[in-house]
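A.B. asks: sequence first, predicted coordinates after that:
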Amino acid sequence: MPADARLADAIERITAALRTLVVDMGLSQQEWMAALAFLTDVGKADEFILLSDVLGMSVFVDERAHPSDGATTASNVQGPFYLPDAPLLEPPYRVADDGEPGEPMLFVGRVSDADTGSPIAGAVLEVWQADDGALYDLQSPDAEPHLRGRFPSADDGRFELRTVVPPPYEIPKDGPVGRLLEALGRHAWRPAHLHLKVSHPGYAQLTTMVYFEGDPWLDSDSIGSVKEPLVVALDRLQADERCDRPYALCTFDVTLRQTG
Ligand code: BEZ
Ligand code: FE
């Protein structure tokens, strides 16, 4: 009996699948060595998670762990740009000041219980996104936390955050995973999105992304993570009491399910 029977089972299944691949494709020794060299490069470049992303495995495993049930908000992958200690915001909640490049956006909605419909007060929303230049703060070595923050839902479950409309961006493509995409004739674009995590004691934590209708990359996201219920329309509005300049209104309601 192996020390770790489950691991032994997994290794046997992986090698069986690989043997089938070698036989069915008539793989040459050179091709096998090229595959090993590629994986070596992926490891050296610290791109194994990115490889899992572009193979669609990250989304697949996330969906298995958090299956869509139609009642709770659909889950999505966290991606590499999450920081656990994002700044705690003060009301009125905003992650972009007036000088932030990009189109102002109000991200509004309501957090509620998936079974009862009751509002969930004090749920902590964590938001992070790329700036108008298509970069996350973590991609600049000296940058302070930027376009990310934590803030609570109100007593009626509602929330409102001032930010800017995020742009589409390309995942890192200057390493081995980028070379793979190129060899497959695939692009590196992700549709514009806002990352969101919502937590409240007694409820299953939600990690997801919000996408915007009309984005040119919705049908060919390089990590395949677009889910139809997560795509929302942006309303273009004139300046009003909520925003002192024309802005995009993004309305996204969140439903959570109690644990246990
Ligand atoms: C992201 O959405 O931030 C992301 C996800 C996977 C790979 C790269 C970026
Ligand atoms: Fe992202």
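C.D. replies: Nice, I can see it. Numbering: from 1, shown residues only. Ligands and ions are numbered 1, 2, ... in the order given.

A.B. asks: show the backbone phi and psi for Arg110.
C.D. replies: Main-chain dihedrals, Arg110, degrees, to the nearest 10: phi -140, psi 140.

A.B. asks: pull the number of nearby residues for it.
C.D. replies: Look at Arg110: counted by other CB atoms under 10 Å, it has 18 neighbours. Backbone N, C-alpha and C define where each C-beta goes, glycine included.

A.B. asks: I figured it hits Gly157, correct?
C.D. replies: Yes: with contact defined as CB atoms under 8 Å, Arg110 reaches Gly157; the gap is 4.6 Å.

A.B. asks: overlap of the contact sets of these two?
C.D. replies: Applying CB atoms under 8 Å, 6 or more residues apart in numbering, one finds that Arg110 and Gly157 are jointly contacted by Pro119.

A.B. asks: so where's the stretch 101-250 of the chain uncertain?
C.D. replies: The model of the stretch 101-250 of the chain has no residue with pLDDT under 70.

A.B. asks: nearest to ligand 1: which residue in the stretch 1-150 of the chain?
C.D. replies: The nearest approach of the stretch 1-150 of the chain to ligand 1 comes at Gly79, 3.1 Å away (CB to the nearest ligand atom).

A.B. asks: please name the nearest non-neighbouring residue to that residue.
C.D. replies: Excluding its sequence neighbours, the residue lying closest to Gly79 (CB to CB, 6 or more residues apart in numbering) is His195, at 6.5 Å.

A.B. asks: for the residue in the stretch 151-260 of the chain positioned nearest to ligand 1, which non-adjacent residue is spatially closest?
C.D. replies: Residue of the stretch 151-260 of the chain nearest ligand 1, by CB to the nearest ligand atom: Ile171 (4.1 Å). Setting aside the residues directly before and after it, Ile171 is nearest to Ala188 in space (CB to CB, 6+ apart), at 5.0 Å.

A.B. asks: so the one you found makes contact with Gly175?
C.D. replies: No: using CB under 8 Å as the test, Ala188 is too far from Gly175 to be in contact (10.9 Å).

A.B. asks: what does the protein put close to ligand 1?
C.D. replies: Proximity of the chain to ligand 1 is confined to 50, 53, 79-81, 171, 190, 223 under the rule CB under 6 Å from any ligand atom.

A.B. asks: okay, the residues you listed in JSON lines with neighbour count next?
C.D. replies: Converted to JSON lines, the residues of the chain next to ligand 1 look like this (neighbours: other CB atoms under 10 Å):
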{"residue": "Leu50", "neighbour count": "25"}
{"residue": "Asp53", "neighbour count": "22"}
{"residue": "Gly79", "neighbour count": "19"}
{"residue": "Pro80", "neighbour count": "13"}
{"residue": "Phe81", "neighbour count": "15"}
{"residue": "Ile171", "neighbour count": "19"}
{"residue": "Arg190", "neighbour count": "25"}
{"residue": "Ile223", "neighbour count": "20"}
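
A.B. asks: for those residues, give me CSV that also has secondary structure.
C.D. replies: Compiled in CSV, these are given as follows (DSSP: H, G, I helix; E, B strand; the rest coil):
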residue, secondary structure
Leu50, helix
Asp53, helix
Gly79, coil
Pro80, coil
Phe81, coil
Ile171, coil
Arg190, strand
Ile223, coil
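
A.B. asks: can you give me the helices for the stretch 51-200 of the chain?
C.D. replies: Assigned by DSSP state H, counting those that start in this stretch, the stretch 51-200 of the chain shows helices spanning 57-65, 176-183.
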